[in-house]
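>>> whatever this is, show me its structure:
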Amino acid sequence: RVLPLSSVICACADSDHIGLCFSFIHSLILSPLGTSMELNDGHLQTLTEFLRKTLDPDPAVRRPAEKFLESVEGNQNYSLLLLTLLEKSQDTVIRVCAAVTFKNYIKRNWRIVEDEPNKVSDPDRTAIKANIVNLMLSSPEQIQKQLSDAISIIGREDFPQKWPDLLTEMVTRFRSGDFHIINGVLRTAHSLFKRYRHEFKSNELWSEIKLVLDTFALPLTELFKATIELCQTHATDVNALKVLFSSLTLISKLFYSLNFQDLPEFFEDNMETWMTNFHGLLTLDNKHLQTNDEEEAGLLELLKSQICDNAALYAQKYDEEFQPYLPRFVTAIWNLLVSTGQEVKYDLLVSNAIQFLASVCERPHYKHLFEDQNTLTSICEKVIVPNMEFRSADEEAFEDNSEEYIRRDLEGSDIDTRRRAACDLVRGLCKFFEGPVTAIFSGYVNSMLGEYAKNPGENWKHKDAAIYLVTSLASKAQTQKHGITQANELVNLNEFFVNHILSDLKSPNVNEFPVLKADAIKYVMIFRSQLPKEQLLQAVPLLISHLQAQSTVEHTYAAHALERLFTMRGPNNTTLWPPFTEQLLNNLFKALALPGSAENEYIMKVNPTLLSSKSIMRSFSLLQESIVPYIPTLIGQLTHKLLLVRDSCANPTTVSSFEEALFPVFTEILQNDVQEFLPYVFQVMSLLLEIHSNSIPSSYMALFPHLLQPVLWERTGNIPPLVRLLQAYLEKGGASIAGSAADKIPGLLGVFQKLIASKANDHQGFYLLNSIIEHMPTESILQYRKQIFILLFQRLQSSKTTKFIKSFLVFINLYCVKYGAIALQEIFDSIQPKMFGMVLEKIIIPEVQKVSGPVEKKICAVGITKVLTECPALMDTEYTKLWTPLLQALIGLFELPEDDSIPDDEHFIDIEDTPGYQTAFSQLAFAGKKEHDPIGDSVGNPKILLAQSLYKLSTACPGRVPSMLSTSLNADALQFLQGYLQAATVQLV
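The predicted structure is shown next:
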């Protein structure tokens, strides 16, 4: 049974907490860590029971257990209880579960986030770091891997400053001689150091790497040499070799990480040791390490793959130092390539070996190695063509694992495949030898196409390889938006399209040779910017017909190609062709019904979990008003896919149809607390509510109290859509909320208070506060106004940022527009005498130039104009000295460029990296919010308003305004002001 939408969010939290009180949120933000959980048998037994329940397949048992563990994980000693369990429990399943739970706990909570409470107590942090390395090294491998990951997570935050003895403790374990322990250390070090491959260069990074090298490089090198000697000693002991080669693979990975940023002096001095041994391992062939498994790479293949990576790194980045060793590596890797079979287990090794050759041929130093025509021919014949062939394993993936095939082929995640490596080698060779390479490969292309023509049924794989080779030859530069943007001029793409691609697209049987049809569709898609418009127009109806193909890959490629083509624009930003409306929509929806495509990523884009059809949405965007006749038919189709049509929804008369169709789906999502979906549900609800006339339907009103529950606001991905939804409530029914839900106003303000405390979300708090000020009746928030300003001033005092200042300026000027300048002055001075003057002098005058955005600038201009012309205190008290500087600041806001400077210590403050898994917020492409101007048409030109307001002020105080202007305002500002007065046809008195 599906519960009513208004009641399901209650499942996320205790109903007693529906109404957030104003003070509760403040205590929620600033509350200390929870109470301590004693390390006793009772707590261990309780924890064991709940961990076991988290493994239960029944959600009714599993979810409450997960919620309980979440609720107690902030308590002191919780993490130590988990470590005790994974060490001492007699139940292996519970030990592993405790290890996984501990790792995830560390992942979510170890990072200390500014403006957030410390989620792991200091005593727990100390105890964890004191014991976790020993515990990791003494645990079985399954648990060791989880604890190793936890150590690397802690290390990313605390090493080296807060955990200086970590490396020393790890290095000492090399002396144990126990390779279970040694491999645990190596695995942990790899997890810790692999980020060096991706970090931006900085002094802090250099310092850390230097510390690591000083402590780790020599012991690692000694371990490397000792392990190779042990391999020779135990050359016939299979079990010993497996352990030792696992160690060598980890050592090789560490070598790559430690050498990635720059060539360390230590490794340069010891290059002979490392490269000689790497070369020896590359040429090693031990029958005891060979496996019969054709799918999974063995230890020898994994080690050689990593050595190829290491050699490629040195060839690319340190070619001068590596030059003496290069010829022997080229020879060894060439021999490796020509002697390695086509089995899947060799794919990574072959891919990395080819990538090594690709990296070498791109370097001017090594150009001479590839200049000979025979060499180029040999590379094509023995390396490139064999590794571009469509193998049985590829055919199996195409048919039975289409999702993985598409991910590799279409999305570019095939970086470790033979085909991608061969393609990169072709491009590398074309850098210096484009003419000869094109001529040689063209001969192979013609030969393969000739073989296909003899017997298409038997030789279709030859044509597949030919198309891939042409694509590799022709592609020089590519972007996701435009496809291939720079092509090899020696390849006639249009001729190849007409002679060899079009025939597959035109074939009446869309299910014949699906691989070749997928190749043809991909050709159109990637060369769309290079092919003539006429050819693309010809291809569109053909692509639509291929949406009906049974092959998942084929109809997915067709959908993606159409979506990409529909993004292309002609003159005047128009689409290049008229859509074939009925056939297009019918075939798209039929494709959704095909096996394996109910949630197809291209027909049905997962973003990441709210389903919205990529091709269908693109089609709707193009069809716009012509889609209206199809709405009755489409609603049923869209319901199950949560698909929203942008322009159809803009008509309020259709909203009820969408609500009727979508609300049952939303109810299930909310009832089951599917976190991944919630941000999208809230966005769609916001969109629907915004389209309603100026009232809130009862179904929405019943939901309102539950949107204020703390649990929803703890998830960062929920915050933007929830704020927008609350803004929609306020816009459509601020008076209704004040009348029928006045007891929820403290909860609404509590949400504002929570958001304003966070540097990452304070702007969202201001969005909500501005809507409260704009739409709520004056009397409903009268009692809260002073407290609101006090909270804002507390945040200003404790953590002032440019973003906060800009938002604060917009808010106080909106307040002035809504309630008047006198009310603004009075509320400031009620908090502290003379505070109004301090705000003018210290914030508004020096900072208003930072305000950005036309609406925001308009609000500030109108608000400051009111302060200048409608606030008696500014004319007749000690505040008078600020009148001219404030006017000067306002003219600067009109005429000077925006001040976009940011203090050095504020860079990146807008990014809060939430530890652990939380659903991120992603804006739905067709659910954008229109910019709202709270002042509207009442003020067309703020400059004219200023002139007219100054004129009224001057008539009330004759002679006063011109006197202040002539004595204090600088000449440029005065000249601009004269222009405003002339435009308004007024003259100051």
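
>>> where in the stretch 651-800 of the chain is pLDDT low?
Applying pLDDT under 70 to the stretch 651-800 of the chain flags the ranges 651-654.

>>> could you do the stretch 801-950 of the chain as well?
904-929.

>>> can you list the residue ranges for helices in it?
In the stretch 801-950 of the chain, the helices defined using DSSP state H, counting those that start in this stretch lie at 802-819, 821-831, 835-839, 845-847, 854-870, 873-876, 883-895, 942-956.

>>> in TSV: those helices, plus mean neighbour count and distance to residue 139.
Any C-beta I mention is one placed from the backbone N, CA and C, and that applies to glycine too. Converted to TSV, those look like this (neighbours: other C-beta atoms under 10 Å; distance: least, C-beta to C-beta, whole Å):
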stretch	mean neighbour count	distance to residue 139
helix 802-819	21	46
helix 821-831	18	58
helix 835-839	19	60
helix 845-847	17	56
helix 854-870	22	56
helix 873-876	16	72
helix 883-895	19	63
helix 942-956	18	68
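
>>> for residue 539, find the nearest of those helices.
Residue 539 lies closest to helix 854-870 among the helices of the stretch 801-950 of the chain, at 42.5 Å (C-beta to C-beta).

>>> what's that closest one packed up against?
Here helix 854-870 touches helix 802-819, helix 821-831, helix 883-895, helix 942-956, going by 3 or more C-beta pairs under 8 Å, 6 or more residues apart in numbering; DSSP states H and E.

>>> any idea how far the closest residue to residue 149 other than its chain neighbours is from residue 152?
Of all residues not flanking residue 149 in the chain, residue 103 sits nearest, at 5.3 Å (C-beta to C-beta, 6 or more residues apart in numbering). Using C-beta to C-beta, to the nearest Å, residue 103 is found at 10 Å from residue 152.

>>> got it, and residue 403?
Per C-beta to C-beta, residue 403 is found 30 Å from residue 152.

>>> neighbour-wise, which of the two wins?
Shown here are residue 403 and residue 152; by other C-beta atoms under 10 Å, residue 152 has more neighbours (21 against 14).

>>> would you turn the helices and strands packed on helix 854-870 into a markdown table with distance to residue 982?
Formatted as a markdown table, the helices and strands packed on helix 854-870 follow (distance: least, C-beta to C-beta, whole Å):
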| stretch | distance to residue 982 |
| --- | --- |
| helix 802-819 | 26 |
| helix 821-831 | 26 |
| helix 883-895 | 15 |
| helix 942-956 | 8 |
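
>>> could you dump the helices of the stretch 801-950 of the chain into CSV with distance to residue 109 added?
Listed next are these as CSV, based on distance: least, C-beta to C-beta, whole Å:
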stretch, distance to residue 109
helix 802-819, 26
helix 821-831, 37
helix 835-839, 39
helix 845-847, 36
helix 854-870, 37
helix 873-876, 50
helix 883-895, 44
helix 942-956, 48
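
>>> of all these, which lies closest to residue 127?
Using C-beta to C-beta, the nearest of the helices of the stretch 801-950 of the chain to residue 127 is helix 802-819, at 37.4 Å.

>>> pull the residues that contact the closest one.
The contact list for helix 802-819 (C-beta atoms under 8 Å, 6 or more residues apart in numbering) reads 759, 762-763, 766, 769-770, 773-774, 778, 792, 795-796, 823-824, 839, 843-844, 847-848, 850-852, 856, 859-860, 862-864, 866-867, 902-903, 906, 909-910, 934-935.

>>> hey, what's the angle from it to helix 821-831? Just curious.
120 degrees (axes from the mean of the first three to the mean of the last three C-alpha atoms, to 10 degrees).

>>> can you state the direction angle for helix 802-819 and helix 854-870?
Put simply, helix 802-819 runs at 50 degrees to helix 854-870, going by the same axes, to 10 degrees.

>>> strands of the stretch 501-650 of the chain, residue ranges please.
605-606, 611-612 (DSSP state E, counting those that start in this stretch).

>>> what's the host helix or strand of residue 132 packed up against?
Remark: residue 132 resides in helix 122-137, with elements defined by DSSP states H and E. Under the contact criterion of 3+ C-beta pairs under 8 Å, 6+ apart, helix 122-137 touches helix 78-88, helix 141-158, helix 166-171, helix 179-193.

>>> what's the mean pLDDT across the longest helix along the chain?
Counting residues, the longest helix in the chain under DSSP state H turns out to be helix 418-454. Averaging pLDDT along helix 418-454 gives 90.

>>> mind listing what's buried in it?
418-430, 432-434, 436-438, 440-441, 444-445, 448-449, 451-452 (16 or more other C-beta atoms under 10 Å).

>>> and the next helix or strand after that helix with helix 418-454, angle?
Once the chain leaves helix 418-454, the next helix or strand it forms, by DSSP H and E, is helix 456-474. Here the directions of helix 456-474 and helix 418-454 differ by 130 degrees (the same axes, to 10 degrees).

>>> many thanks, have a good one.
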